[in-house]
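Colleague: Sharing a model that was predicted from the sequence below.
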Amino acid sequence: MAKMNFGGVEENVVTREEFPLEKAREVLKDETIAVIGYGVQGPGQSLNLRDNGFNVIIGQRKESKTWDKAVADGWVPGETLFEIEEACERGTIIQYLLSDAAQITLWDTVKKHLTPGKALYFSHGFGITYKDRTGIVPPADVDVILVAPKGSGTSLRKMFLEGRGLNSSYAVYQDATGKAHDRAVALGIGVGSGYLFETDFKREVYSDLTGERGTLMGAIQGLLLAQYEVLRENGHTPSEAFNETVEELTQSLMPLFAEKGMDWMYANCSTTAQRGALDWMGPFHDATKPVFEKLYKEVACGNEAQRSIDSNSQADYREKLEEELKALRESEMWQTGAVVRKLRPENN
Ligand SMILES: NC(=O)C1=CN([C@@H]2O[C@H](COP(=O)(O)OP(=O)(O)OC[C@H]3O[C@@H](n4cnc5c(N)ncnc54)[C@H](O)[C@@H]3O)[C@@H](O)[C@H]2O)C=CC1
Ligand SMILES: CC(=O)[C@](C)(O)C(=O)O
Ligand SMILES: [Mg+2]
Ligand SMILES: [Mg+2]
């Protein structure tokens, strides 16, 4: 494990140099990796593992859209694609990649096949951390490990195909075989991670739920919409409001700070912009910090987990979700976005 200095703080990380793919293949050479679920993470992780030369099978409900998707991706029914229960029986490592709510429903089925020495793998600390709410308590004689890619399974696959790598965290909750650490890290490398950083199940789920509700998804939409509305209410056109709020951010400025940091992005803007941004970052920080503090508390006390369990375990949750996403898609801001994207020269 490499010790690296991150802005003055020492951390353990695993890089591809110290844990190359050949080593990962050696660690997992006798394992059958059963990926259960073929939603978003399932395809990303299983296809990367397959392309990297590991022995992978898929467990998925037959007669579902995602079964058909798995077939289209080259998984062969009866050879590498099975019903969930059969895949659990065949796998020595069970990658539990159903939605967090479905993991609760299918737990008894999976548990039956967790015979001594197998490994149970998660990409989220949810089921284990909130075990009082999920009922997910693995037997003591299996390894319980985690690799959580820090991004969508869609990006995990796309970046792999581009020769890049999405970073992941990893954790060991239970080491029954003495091999749990190496199994976790080997899987992390196998699914195509950039580098791996160490965590535990609780810190993974607390940070993940905070991040997605916060800057990654919830806060970003709230912040962008607030500015868009103020511009529109003051007589600016949709084009002007959208370009000044979203398009310039994603197309011009975000790539600059992704590449070389915030000061680099600032340095490449006008002195007028720099002065204003440096003055206004404080008030925006102060206005939003209490919201982030409240959010973290709601995550840590389990309220956020309960809310997602309650809503996502309803039979019609997909239809209800689609209605909410439709409202977002059909809002003026994102309808404007659709036209603006079409007008990008590269899309013509
Ligand atoms: N979506 C993502 O990119 C990320 C997800 N994760 C975690 O990875 C895990 C998997 O998440 P996703 O890929 O988003 O899952 P998902 O919501 O796409 O669902 C995965 C699979 O669950 C199956 N499923 C749903 N309900 C079922 C039921 N009642 N019975 C049988 N199968 C059922 C679906 O058919 C689908 O194949 C979760 O723990 C999630 O928190 C972690 C990082 C990112
Ligand atoms: C993509 C990811 O890592 C998220 C936002 O945490 C999730 O999809 O749960
Ligand atoms: Mg995440
Ligand atoms: Mg998440």
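Modeller: Yep, it's here. Residues are numbered from 1 along each chain as shown. Ligands and ions are numbered 1, 2, ... in the order given.
Colleague: Who are the contact partners of whichever residue of the stretch 51-200 of the chain sits closest to ligand 2?
Modeller: Using CB to the nearest ligand atom, the closest approach of the stretch 51-200 of the chain to ligand 2 is made by Ser152 at 4.4 Å. Every residue, glycine included, has its C-beta placed from N, CA and C. Neighbouring residues of Ser152 by CB atoms under 8 Å, 6 or more residues apart in numbering: 40, 44.
Colleague: Equivalent analysis for Ile58, please.
Modeller: Counting by CB under 8 Å, 6+ apart, Ile58 makes contact with 34-36, 38, 42, 46, 70, 75, 80-82, 87.
Colleague: Quick check: bridge partners of it?
Modeller: Val35, Leu81 (DSSP bridges).
Colleague: Three-state assignment for whichever residue of the stretch 1-150 of the chain sits closest to ligand 1, please.
Modeller: Using CB to the nearest ligand atom, the closest approach of the stretch 1-150 of the chain to ligand 1 is made by Gly39 at 1.8 Å. The three-state label given to Gly39 by DSSP: H, G, I helix; E, B strand; the rest coil is coil.
Colleague: What does the closest residue to Glu18 other than its chain neighbours show for phi and psi?
Modeller: Distances taken as CB to CB, 6 or more residues apart in numbering place Ala2 nearest to Glu18, at 5.8 Å, with adjacent residues excluded. As for Ala2, its main-chain torsions (degrees, to the nearest 10) stand at phi -90, psi 140.
Colleague: pLDDT wise, what is Ala2 at?
Modeller: In this model, Ala2 is scored at 89, pLDDT.
Colleague: Mind jotting down where the helices sit in the stretch 1-150 of the chain?
Modeller: Here the stretch 1-150 of the chain has its helices, by DSSP state H, counting those that start in this stretch, at 21-27, 41-51, 65-72, 84-90, 100-105, 107-112, 126-129, 131-134.
Colleague: Switch these over to CSV; also include distance to ligand 2, mean pLDDT and mean neighbour count.
Modeller: Converted to CSV, the helices of the stretch 1-150 of the chain look like this (distance: least, CB to the nearest ligand atom, whole Å; pLDDT from 0 to 100; neighbours: other CB atoms under 10 Å):
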stretch, distance to ligand 2, mean pLDDT, mean neighbour count
helix 21-27, 22, 98, 16
helix 41-51, 8, 98, 24
helix 65-72, 16, 97, 15
helix 84-90, 21, 98, 18
helix 100-105, 9, 97, 18
helix 107-112, 19, 98, 15
helix 126-129, 9, 98, 24
helix 131-134, 16, 98, 14
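Colleague: With Leu256 as the reference, name the closest of the ones you listed.
Modeller: Nearest to Leu256 among these is helix 41-51 (27.3 Å), distances taken as CB to CB.
Colleague: and the angle for the closest one with helix 65-72?
Modeller: Helix 41-51 runs at 20 degrees relative to helix 65-72, counting by axes from the mean of the first three to the mean of the last three CA atoms, to 10 degrees.
Colleague: Pull helix 41-51 out as PDB, backbone CA atoms only.
Modeller: Listed next in PDB are the C-alpha coordinates belonging to helix 41-51 (Å, rounded to 0.1, in the frame of the first residue of the first chain):
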ATOM      1  CA  GLN A  41     -23.000  -0.800 -11.900                       C
ATOM      2  CA  GLY A  42     -23.600  -4.400 -13.000                       C
ATOM      3  CA  PRO A  43     -22.800  -3.800 -16.700                       C
ATOM      4  CA  GLY A  44     -19.900  -1.400 -16.000                       C
ATOM      5  CA  GLN A  45     -18.200  -3.700 -13.500                       C
ATOM      6  CA  SER A  46     -18.900  -7.000 -15.200                       C
ATOM      7  CA  LEU A  47     -17.900  -6.000 -18.700                       C
ATOM      8  CA  ASN A  48     -14.600  -4.400 -17.400                       C
ATOM      9  CA  LEU A  49     -13.900  -7.600 -15.400                       C
ATOM     10  CA  ARG A  50     -14.600  -9.800 -18.400                       C
ATOM     11  CA  ASP A  51     -12.400  -7.600 -20.700                       C
END
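Colleague: who does it touch, helix- and strand-wise?
Modeller: For helix 41-51, the elements it packs on are strand 33-36, strand 56-59, helix 65-72, strand 143-149, helix 153-161, helix 180-190, judged by 3 or more CB pairs under 8 Å, 6 or more residues apart in numbering; DSSP states H and E.
Colleague: looking at those, which is buried most?
Modeller: strand 33-36 (a mean of 28; mean count of other CB atoms under 10 Å).
Colleague: Which residues does that strand contact?
Modeller: Strand 33-36 is contacted by residues 42, 45-46, 49, 54-60, 84, 87-88, 90-98, 106, 110, 187 when judged by CB under 8 Å, 6+ apart.
Colleague: again with stretch 260-269
Modeller: 253, 256-257, 273-274, 277-278.
Colleague: ok, back up a step: residues contacting the residue of the stretch 1-150 of the chain closest to ligand 1?
Modeller: Each residue near Gly39 by CB under 8 Å, 6+ apart is listed here: 66, 97-99, 153.
Colleague: for the chain, what are the low-confidence residue spans?
Modeller: Residue ranges of the chain with pLDDT under 70: none are present.
Colleague: Might you enumerate the residues of it proximal to ligand 1?
Modeller: 37-42, 60-61, 64, 66, 97-100, 102, 105-106, 123-124, 126, 148-149, 152-153 (CB under 6 Å from any ligand atom).
Colleague: give me that answer again for 8 Å
Modeller: 37-42, 44, 60-61, 64-66, 84, 96-103, 105-106, 122-124, 126-127, 148-156, 208 (CB under 8 Å from any ligand atom).
Colleague: If anything else comes up later, I'll come back, but that's it for now.
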